[in-house]
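Q: Below are the sequence and a predicted model for it; my questions follow.
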Amino acid sequence: MSDVLDADEIADELPDGWHHDAAADEIARTFEFDSYLEGVGFAGGAGGLAEEAFHHPTMTIGWREVEVRLTTHDAGGVTAKDINLAGRLNELAD
Ligand SMILES: C[C@H](O)[C@H](O)[C@H]1CNC2=NC(N)=NC(=O)C2=N1
């Protein structure tokens, strides 16, 4: 079982561009793109990283943006798994 992080720990460890949605017990970031299909491609790549980590975000694909939300359902909150995958998603988007 992963250890749930508290708000201060999350704040300290959040990768660039991500925020803590404490009410939802999630971390989230909306990635912006120059085209809709670029966002779709990012979501596909994110899915691959998620499968690799066996840790799966909720993703909403919109017009030239993809909102990604992460929490660890098994633990009931945000854990290091979420922080780590968020960092890898930032690398994917760069
Ligand atoms: C059984 C459980 O669903 C699996 O261990 C994995 C699958 N992907 C997952 N993804 C996320 N975000 N949280 C989980 O707790 C999780 N659990």
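A: Good, I have the coordinates.
Q: What parts of this structure come near the ligand?
A: Neighbours of the ligand within the chain, by C-beta under 6 Å from any ligand atom: F54, H55, H56, T71, T72, H73, D74. The C-beta positions use only the backbone N, C-alpha and C, and glycine is treated the same way.
Q: Recalculate using a threshold of 8 Å.
A: With C-beta under 8 Å from any ligand atom as the criterion, the chain meets the ligand at residues 50, 54-58, 70-75, 81-82.
Q: Mind naming the longest helix for the chain?
A: helix 36-53 (DSSP state H).
Q: Check which residues of that helix are buried.
A: E38, G39, F42, A43, A46, L49, A50 (16 or more other C-beta atoms under 10 Å).
Q: what's the answer for stretch 80-87, then?
A: Neighbour-count burial for stretch 80-87 flags K81, D82, I83, L85, A86 (criterion: 16+ other C-beta under 10 Å).
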